[in-house]
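Enquirer: With the input below, show me the fold.
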Amino acid sequence: MSLLKNIHSPADLKRLSPEQFPELCQEIREQILTVVSNVGGHLASNLGVVELTVALQYLLDTPKDKIVWDTSNQAYTHKLLTGRREQFHTLRQYGGLSGFCKREESVYDTFNAGHAGTGVSAAFGMVEAREQRNEKHKVVCVVGDGAMTAGMTLEGLHHAGGTNKDFIVVLNDNQMSISKNVGAISAYLNRTFTGEFYARMREETGQLLRKIPHIGLEVQKIARRAEELAKGAILPGLLFEELGFQYAGPIDGHNFEHLLPTLENVLKMKGPVLLHVITKKGLGYQAAMDNPVWFHACPPFVRETGVPAKKAVRPSYTSLAIDALIKVAHQDKRVVAITAAMCEGTGLNAFEKVFPDRIYDVGIAEQHAVTFAAGMAAQGMKPVVALYSTFLQRAYDQVVHDVATQNLPVTFCIDRGGLVAEDGTTHHGAFDFAFLRHVPNMVVAAPKDENELQHMMKTCVTHDGPASVRYARGVSLGVPMDPEPTALPIGKGELLREGTDVAIVAIGVTVWPAMKAAERLAQEGISAAVVNARFVKPLDTELIIKTAKNVRCLVTVEEGCKMGGFGSAVLEALSEEGITNLRTKVIGLPDWYIEQGPQDLLRERYGLTADGIYNNVKALFGASVATDDAARLASLVGSLPHGDEQGS
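Expert: The predicted structure is shown next:
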């Protein structure tokens, strides 16, 4: 690390000569591989943008000049070059560096991100802020070709291209997002390299050059350059030129002889400019190049072999949810699956193997995915939309306006519900209970384990209306599985344990920790009832009220935000019933964005483990007993005679 260890800011990078850059890039890749193999992270995308990042930091005057990384899961080199090399080993760890850009972490991080498609809009906002403030600096947005499928990216390009403001978009084209790219725009860009027209043009150019006698090397270079210019003019540039951008490229994003002079010229151009750069995902590590999907966001792995450092002892909730969906789909030909560039992440690649004609990957376009599903449902199909919890947030209006208002039978498989560990703030599924439960017609369900998950999948898909089933990231519990999924009665929970002192009403992955807490309380003479609510909506009000009337305090537990979530629904039900003499507490996630860290650590911090539930319940029950004792004492004192009682 003879070069990298001396770089503490982009100013140090500028002291190197471009001839040293290939060696520096090798050191950067070595550092990224060392850390990510130990802690996990976004590997393939980061290995692909090393040269591009070095070139940008070398030619720009950051942090005065602004770089916006769309999604920002490819910003590891950016972090290494901007003063965070010594902390890089803490990447994605509790209290360490974020796996994404974070303004709170560095002045070089201009915009917090984690979801694709936000970069162009944010960067052009910075352009207009620069103009309003009469400042002079460059704004560059680096956006992947996968994010070109996001409608928001096209909205931003449409807005920026209609102005004459200086703005540079670097299209980092590696023919992939998380999964293989889909759709017309991807096909359009790929024709640059695979199209029959370009292949024929290249061959005819070569034949022409060979026929010219005594042609010099410089003339050959000029001819090849003319070929590249023609290629850009004929193929991908037309789309961006029509959007109002001057187009440059495509160029090799790993060749500094092409990258530096082209980027230097682009930085001098006026108005909106798009530079098309071709990169290779996973470059420098063969395993990542061979399997860029797995190495997009990978757990710790053995560097020599590329295999996971730890083998999962049980199947994940994700895989079991899709197994259940496949069983339901065998029974009903109307069932189809839809996802937004997350076929592998949501487990739908297994569904695709069984039903290749009944799955739709619409690209990074969650809004379209939901309304597309609504259109299919309106014509008698039973679409199932599989998305991560935080990605469903991007389609909220479509859930409300296009699905729920028409009471259409669309099922939402909400993966990564709750805490998701090292991906942190932008990926924790904290809000789905809260933002779905107040939508009319919507069923909101969460299973306590994998066996209940398969039954809830059947319940939601066969329901004649909108429904959601939410499950956690990570491996399942290993409970016995029933042979076939069966539909559960909607809006009905179950009383897992009777009690007369305290009621613990839990939902989803918090149910079994609640049971363990109740067992521990029983050892101390506190009788705790446990209710598995199963449904946030419709809530089993009858069961909850009946249980509440038999106890002196009630606690709700959820791995979601307390504000407006499951606990709020229970308290509303108690209020409607006029139950006011009950001490209550809501255990869940507080009103701030949850930091990154291992699931177990975060659950412990926010009281979502068996110990946390036990401590909360015991404190609440103790306060209740103390209050009751104080009330009895006050009543007793109040009943004494009021005469002169001295000496009595």
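Enquirer: Nearest residue to the middle of this structure?
Expert: residue 427 (4.1 Å; C-alpha atoms, centre = their mean).
Enquirer: three-state assignment of that residue?
Expert: Put simply, residue 427 is coil when judged by DSSP: H, G, I helix; E, B strand; the rest coil.
Enquirer: Now do the same contact list for the nearest residue to residue 71 once chain neighbours are set aside.
Expert: Spatially, and ignoring its direct neighbours in sequence, residue 71 is nearest to residue 116 (4.5 Å; C-beta to C-beta, 6 or more residues apart in numbering). C-beta: built from backbone N, CA, C; applies to glycine. For residue 116, the contacting residues are 70-71, 144, 146-147, 150, 177, 341, 364, by C-beta atoms under 8 Å, 6 or more residues apart in numbering.
Enquirer: residues in contact with residue 617?
Expert: 502, 504, 517, 521, 526, 528, 553, 555, 585.
Enquirer: So for the host helix or strand of the fourth one, what gets flagged as buried?
Expert: What that stands for is residue 521. According to DSSP states H and E, residue 521 maps onto helix 511-523. Within helix 511-523, the residues that count as buried by 16 or more other C-beta atoms under 10 Å are 511-515, 517-518, 520-521.
Enquirer: any idea how this protein splits into domains?
Expert: The chain breaks down by automatic domain parsing into domains covering 4-290, 317-470, 500-632.
Enquirer: Summarise which helices and strands the helix holding residue 521 is packed against.
Expert: On a contact count with 3 or more C-beta pairs under 8 Å, 6 or more residues apart in numbering; DSSP states H and E, helix 511-523 meets strand 494-497, strand 502-506, strand 528-532, helix 610-638.
Enquirer: So which residues make contact with the shortest one?
Expert: I take that to be strand 494-497. Under C-beta under 8 Å, 6+ apart, the answer for strand 494-497 is 511, 515, 518, 528-532, 534, 543, 547.
Enquirer: follow-up on the earlier one: from residue 365, how far off is the residue nearest to residue 71?
Expert: From residue 116 over to residue 365 the distance is 10 Å, taken as C-beta to C-beta, to the nearest Å.
Enquirer: Likewise for residue 339?
Expert: Taken as C-beta to C-beta, the span from residue 339 to residue 365 is 10 Å.
Enquirer: who's more crowded, these two?
Expert: The residue with more neighbours, out of residue 339 and residue 365, is residue 339; 30 against 23, by other C-beta atoms under 10 Å.
Enquirer: Please check which residues sit opposite that one as beta-bridge partners.
Expert: residue 361 (DSSP bridges).
Enquirer: thought residue 270 was touching residue 165?
Expert: No: Residue 270 is beyond contact range of residue 165, at 9.3 Å (criterion: C-beta atoms under 8 Å).
Enquirer: Can you pick out the residue with more neighbours from these two?
Expert: Neighbour count, other C-beta under 10 Å: between residue 270 and residue 165, residue 165 has more, with 16 against 9.
Enquirer: re earlier: now the buried residues of helix 511-523 as CSV including pLDDT?
Expert: Shown next, in CSV, are the buried residues of helix 511-523 (pLDDT from 0 to 100):
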residue, pLDDT
511, 98
512, 98
513, 98
514, 98
515, 98
517, 98
518, 98
520, 97
521, 97
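Enquirer: Out of those residues, which is nearest to residue 11?
Expert: Residue 11 lies nearest to residue 513 out of the buried residues of helix 511-523, by C-beta to C-beta, at 50.7 Å.
Enquirer: For that closest one, which non-adjacent residue is closest in space?
Expert: residue 610 is the one closest to residue 513 (C-beta to C-beta, 6+ apart), at 4.3 Å.
Enquirer: Can you check the pLDDT for that neighbour?
Expert: You'll see residue 610 listed with a pLDDT of 98.
Enquirer: For the lengthiest strand in the chain, enumerate the helices and strands it packs against.
Expert: With secondary structure taken from DSSP state E, the chain has its longest strand at strand 553-561. Applying 3+ C-beta pairs under 8 Å, 6+ apart, one finds that strand 553-561 contacts helix 432-437, strand 502-506, helix 566-577, strand 583-589, helix 610-638.
Enquirer: re the thing from before, tell me the one of the contacts of strand 494-497 nearest residue 418?
Expert: Using C-beta to C-beta, these come closest to residue 418 at residue 511, 12.6 Å.
Enquirer: what sits against that closest one?
Expert: 448-449, 496, 530, 532.
Enquirer: Wait, residue 328 touches residue 462, no?
Expert: Yes: the pair residue 328 and residue 462 qualifies as a contact (C-beta under 8 Å) at a distance of 7.4 Å.
Enquirer: Compare the two (neighbour count), which wins?
Expert: residue 328 (22 against 18).
Enquirer: Helix, strand or coil: sort out that one for me.
Expert: helix.
Enquirer: Begin at 826, not 1, for the rest of this chat.
Expert: Understood, numbering begins at 826; the last thing we discussed is residue 1153.
Enquirer: show me what contacts it?
Expert: 1160, 1282-1283, 1286-1287, 1310.
Enquirer: low pLDDT regions in this protein?
Expert: 826, 1001-1061, 1450-1473 (pLDDT under 70).
Enquirer: ok, 90 please
Expert: 826-827, 939, 970-976, 999-1067, 1074-1075, 1135-1138, 1405-1406, 1447-1473 (pLDDT under 90).
Enquirer: and residue 1065, that one's in a helix?
Expert: Yes: assigned with three-state DSSP, residue 1065 falls within a helix.
Enquirer: looking at it, it is touching residue 1099, isn't it?
Expert: Yes: using C-beta under 8 Å, residue 1065 is in contact with residue 1099, at 4.6 Å.
Enquirer: Apart from its chain neighbours, what residue comes closest to residue 1372?
Expert: Nearest to residue 1372 is residue 1328, by C-beta to C-beta, 6+ apart, at 4.8 Å.
Enquirer: What separation do you get for the one you found and residue 1433?
Expert: Using C-beta to C-beta, we find residue 1328 at a distance of 18 Å from residue 1433.
Enquirer: In terms of neighbours, single out the busier of the two.
Expert: residue 1328 (30 against 27).
Enquirer: For the more buried one, name its beta-bridge partners.
Expert: Taking DSSP bridges as the rule, residue 1328 bridges to residue 1354, residue 1379.
Enquirer: how about it, what does it touch?
Expert: Residue 1328 touches 1353-1356, 1369, 1372-1373, 1375-1376, 1378-1380, counting by C-beta under 8 Å, 6+ apart.
Enquirer: which among those residues gets closest to residue 1445?
Expert: residue 1378 (5.1 Å).
Enquirer: Surely that closest one touches residue 1327?
Expert: Yes: taking C-beta under 8 Å as the definition, residue 1378 is a contact partner of residue 1327 at 5.3 Å.
Enquirer: what residues are shared contacts of these two?
Expert: 1442, 1445-1446.
Enquirer: want to try TSV for these, with distance to residue 1086 as columns?
Expert: Formatted as TSV, these follow (distance: C-beta to C-beta, whole Å):
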residue	distance to residue 1086
1442	67
1445	68
1446	73
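Enquirer: Nearest to residue 1295 among the residues you listed?
Expert: Among the shared contacts of residue 1378 and residue 1327, and counting by C-beta to C-beta, the member closest to residue 1295 is residue 1442, at 24.2 Å.
Enquirer: ok, that closest one to residue 1432 distance?
Expert: From residue 1442 to residue 1432 the distance is 10 Å (C-beta to C-beta).
Enquirer: One more: residue 1298?
Expert: From residue 1298 to residue 1432 the distance is 19 Å (C-beta to C-beta).
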